[in-house]
Structures are given as structure tokens and as C-alpha cells.
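> Quick check, what structure comes out for this input:
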Amino acid sequence: MQQITRNKVRRREVLAGLIIILVAFSFITSLLLDFNFVSPYATLQEDLSYLSDHIQNQSISSWSWLATGLLTFIAVPFYVVIFSNKLKVLHYVNGLLLLGVSAGFVVMGLVGLELHQTMVQSFGEGFEHVDELMKLDLLERFREEQFYRHIGSSFMGLFAIGLSLSKFRLERFPLFSMILLILSGPALIFFNWHDPDHLVRTMAMAGIIIGVVVFSVRLINSGVSS
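Now for the predicted structure:
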């Protein structure tokens, strides 16, 4: 009976590790396809003119973040189940934080798709025919999209902190992952709200993704070799 139970646990660990890696690579894809048409070095007219020439890129970015949010949602029950017997409360807290990540990026993607529809309608006759009120409305929708991006990535930073604390309950948790997560999580949260365009924010997100991937590989190895 114990062997059967252990085999189930091993399969869950391998499956959970693979799904978490899939989510991590989905984040990487979304970051690579991410589209930002607002620049601190350009005027509103120049920003919107650039947007009108890259409408398709904005749509692809929105779909990518929406897919990432949905994949994150799918990963939540797998994460909670594999640690149900090892972590008393922390895995539930981290599960809720992952739901926050998922919700933030799903809403971001949906707002981005609404922005895309508005752009298609507004730029149908050419950028020069768009009135000032519509231009301000487009900018406001973009700001709303960015707000949910900050919400989702802030939950991502909180999850990184919570996951790093698992090291104190899980002997096989990689020390390398813990260090990356405990440093990158707070950095991501801080720069989300104070300087979203700062290089450190990008480095913090990369650190979290690397930390999660290393943790997932260790999880898979544990399930295969145990």
C-alpha cells in the first residue's frame, strides 16, 4: 500500500514539475512578445502613431499574457496537491498568491484585447482621423492594462517570497532557487510600482523564472529517482 501511495506521489511530482516549467516558459514567451507603445521620450502623438503601425503586435501580446494567466490557473491545484502533506499552511497561501498572479494577467490580457478592438475601430480610417478624446481613451485603456500587469507581477513577487520559505520545510528545496526567489521577489514588487521600466525589474522577473525552473527540475528529479 505504501509503495502504491509513493508511486502516486512521484507521478504527481513529475506532472506538477512539468506543468510549472510550462508556465515558466509561457512567462518567457509573454515577456518576449510583450508590446509597449508608450515611451517617456516621445509625445502622445508619437506613441499612438507607433501603436497604429503595430496593432497586430499589441494583439499578440494580449493573447500571450491571457494564455499565461490561464496556464498559471491550471498549475494552482497541482502545486497545492503535491505539498498537501509537507507544508501545513504555506502551500495554501502560495496557492492563493498564484491565483492572484493568474487573475492579474488574465484581466490584463482581456483589457488588452478590448484595447485592440478599440484600436481597430479608431484607426480604421487612418491615424490622422482619430480625435483627441479617442486618443486619450486609448491611453487610459493602456494604463488600465499596465495596472493589472503590476497587480499580476506583484503577486508573482509575493509568490516567489512564499515559495522561497518552503526551503525551511523541504529538505530537497534547492538553495540556489531560495536565494534567487528571496532576492527577486521583493525587488520585483518594489520596481513594479516605483520604476516599471527599470532594468532591475526585468532582472528580478528573470530571477524568479530561473528559480522556479530550477525548483521544478529538482521536483521532477525527486519524482523520477525516488
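> Contacts made by stretch 18-34 with the rest, please.
Here stretch 18-34 makes contact (C-beta atoms under 8 Å, 6 or more residues apart in numbering) with 57, 60-61, 64-65, 67-68, 71-72, 74-75, 78-79, 105, 202, 205, 209, 212-213, 215-217, 219-220. From N, CA and C alone the C-beta is placed, and that goes for glycine too.
> Now the buried members of those residues.
Using 16 or more other C-beta atoms under 10 Å as the burial test, the contacts of stretch 18-34 include 60-61, 64-65, 67-68, 71-72, 75, 78-79, 105, 205, 209, 212-213, 215-216, 219-220 as buried.
> Those residues in helices, which ones?
Among these, the ones falling in helices (DSSP state H) are 60-61, 64-65, 67-68, 71-72, 75, 78-79, 105, 205, 209, 212-213, 215-216, 219-220.
> Just checking, which helix or strand of this structure averages the lowest pLDDT?
Lowest by mean pLDDT, DSSP states H and E among the helices and strands of the chain is helix 44-53, with a mean of 70.
> tally of neighbours for Leu115?
For Leu115, the neighbour count with other C-beta atoms under 10 Å is 23.
> quick one: contacts for Val81?
Neighbour list for Val81: Arg12, Ala16 [criterion: C-beta under 8 Å, 6+ apart].
> Ok, Val76 next?
Contacts for Val76 (C-beta under 8 Å, 6+ apart) come out as Gly95, Leu98, Leu99, Ser102.
> For it, give me the pLDDT.
Looking at Val76, its pLDDT is 90.
> any idea how far it lies from Lys135?
Distance, Val76 to Lys135, by C-beta to C-beta, to the nearest Å: 39 Å.
> Quick check: buried residues in stretch 15-29?
In stretch 15-29, counting by 16+ other C-beta under 10 Å, buried: Leu15, Ala16, Gly17, Ile19, Ile20, Ile21, Val23, Ala24, Ser26, Phe27.
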